[in-house]
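> below are the sequence and a predicted model; questions follow.
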Amino acid sequence: MTCLASIAMTNKSFAATLTLWGAGSLRGALSEVATNFTQEYGIPVKTEFASSGSLRTRLENGEKADVFASADLGNAITLNQKGISGEVETFASNSIYAIAVPGLSLTSENLLNKFLDPNIKLGIAQPVSDPLGDYAIEVFRKADQIRPGSFTQLDAKAIRLTGTLPPDRNSPGGSIVYYLEDINKSDIYLVYYTSALAALDISPNLQVVELPDSLKVKADYGLTVLKDANPDSQKLTDYILSPKGQQILTKYGFNPAKTTSVPEPHGVGGMALALGIAFAMHRKLAKKQQVRVR
């Protein structure tokens, strides 16, 4: 018995490390998922977070990872279509919100007027390399349907916020505070809801405003295992898709997505439980933020 236990512990100790690459907005959630996964399975996970487009480009250029979690479906699907990864699972969703400096009196009703105001600096992420920037462009296109000509104005005035962040601001919430308050690069920033919540934890006086229905944009997140990945990679993706993984994502403000795959449909047991958790957490977060989120 002692010998068997020793062998088991040895195998656990020498489990190959999995490499998980994820969108920057997933830093907090997937870091916790990876930690819990390692505690449960004894398989270490090395994480790296950056913009989804930049990670996809690195994978296309030959760098290696086991699992890729993108803030959109497009970057993951591109890898699949090029034969670099397997099927793509929709594993979570996010929403685009506006976050503004204190004193701007931003509301859902006056949001488009504020966007178009030439005296107000409007920040977005870099399109193409970062899906958050692409989602902002989609908001601009919707604005154009309400007020023709808005897309041209917004696209021209929008400040592309990009560059190296200080170490203490290298997080979803920290980057927002950096651009809005530390260097005053922008007055309003189109961000993920999850990142807005993280920014409020750092700077509670920021204003977080939900986009009106006419401008709302949903962000679906894609998950895929790379070709020639460690065989244990599927365990990690299954864990992310499981009720345990979904509960962690929900804690950070993500909504579990009805899981589908490319090219074949694929259901995940326990999603109803995750959706129930999401509803409860959404109510909790809404209550917590009711004074600060308008």
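That came in fine, so what should we check first?
> and the strands in the protein?
Per DSSP state E, the chain carries strands over the ranges 18-23, 45-50, 67-70, 85-100, 122-125, 159-161, 188-192, 207-210, 218-226, 261-262.
> and the ones you listed as TSV, adding distance to Y252, mean pLDDT and mean neighbour count?
C-beta here means a position set from N, CA and C on the backbone, and glycine is covered the same way. TSV is the format used below for those (distance: least, Cβ to Cβ, whole Å; pLDDT from 0 to 100; neighbours: other Cβ atoms under 10 Å):
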stretch	distance to Y252	mean pLDDT	mean neighbour count
strand 18-23	12	98	25
strand 45-50	13	97	17
strand 67-70	13	98	27
strand 85-100	9	97	23
strand 122-125	18	98	24
strand 159-161	21	97	17
strand 188-192	10	98	28
strand 207-210	15	97	20
strand 218-226	12	97	23
strand 261-262	23	54	18
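> got JSON lines for the ones you listed, with distance to N255 too?
Putting those into JSON lines (distance: least, Cβ to Cβ, whole Å) gives the following:
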{"stretch": "strand 18-23", "distance to N255": "15"}
{"stretch": "strand 45-50", "distance to N255": "20"}
{"stretch": "strand 67-70", "distance to N255": "15"}
{"stretch": "strand 85-100", "distance to N255": "5"}
{"stretch": "strand 122-125", "distance to N255": "20"}
{"stretch": "strand 159-161", "distance to N255": "25"}
{"stretch": "strand 188-192", "distance to N255": "11"}
{"stretch": "strand 207-210", "distance to N255": "14"}
{"stretch": "strand 218-226", "distance to N255": "9"}
{"stretch": "strand 261-262", "distance to N255": "18"}
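> for P167, which of those is the nearest?
In this view, the strands of the chain are compared for proximity to P167 by Cβ to Cβ, and strand 45-50 is the closest at 13.7 Å.
> of all the strands of the chain, which one is nearest L249?
strand 85-100 (5.1 Å).
> got the angle between the closest one and strand 218-226?
Angle, strand 85-100 to strand 218-226, by axes from the mean of the first three to the mean of the last three Cα atoms, to 10 degrees: 150 degrees.
> quick one, helices of the stretch 1-150 of the chain?
For the stretch 1-150 of the chain, the helices defined by DSSP state H, counting those that start in this stretch occupy 2-13, 27-41, 52-60, 74-81, 111-116, 131-146, 150-157.
> what residues does the shortest one touch?
Meaning helix 111-116. Taking Cβ atoms under 8 Å, 6 or more residues apart in numbering as the criterion, the residues outside helix 111-116 that touch it are 98, 100, 104, 106, 120, 122, 143, 146-147, 150, 153-154, 188, 209, 211-212, 215.
> buried stuff in stretch 162-182?
Across stretch 162-182, burial judged by 16 or more other Cβ atoms under 10 Å covers 169, 171-182.
> ugh, wrong one, stretch 24-33
Of the residues in stretch 24-33, those buried (16+ other Cβ under 10 Å) are 24-31, 33.
> okay if I get the buried residues of stretch 162-182 as a markdown table plus distance to G163 and pLDDT?
What follows is those, written out as a markdown table (distance: Cβ to Cβ, whole Å; pLDDT from 0 to 100):
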| residue | distance to G163 | pLDDT |
| --- | --- | --- |
| R169 | 11 | 94 |
| S171 | 15 | 91 |
| P172 | 16 | 92 |
| G173 | 17 | 96 |
| G174 | 14 | 96 |
| S175 | 10 | 96 |
| I176 | 14 | 97 |
| V177 | 15 | 97 |
| Y178 | 10 | 97 |
| Y179 | 9 | 97 |
| L180 | 15 | 98 |
| E181 | 16 | 97 |
| D182 | 12 | 97 |
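> since that was my last question, I'll sign off now.
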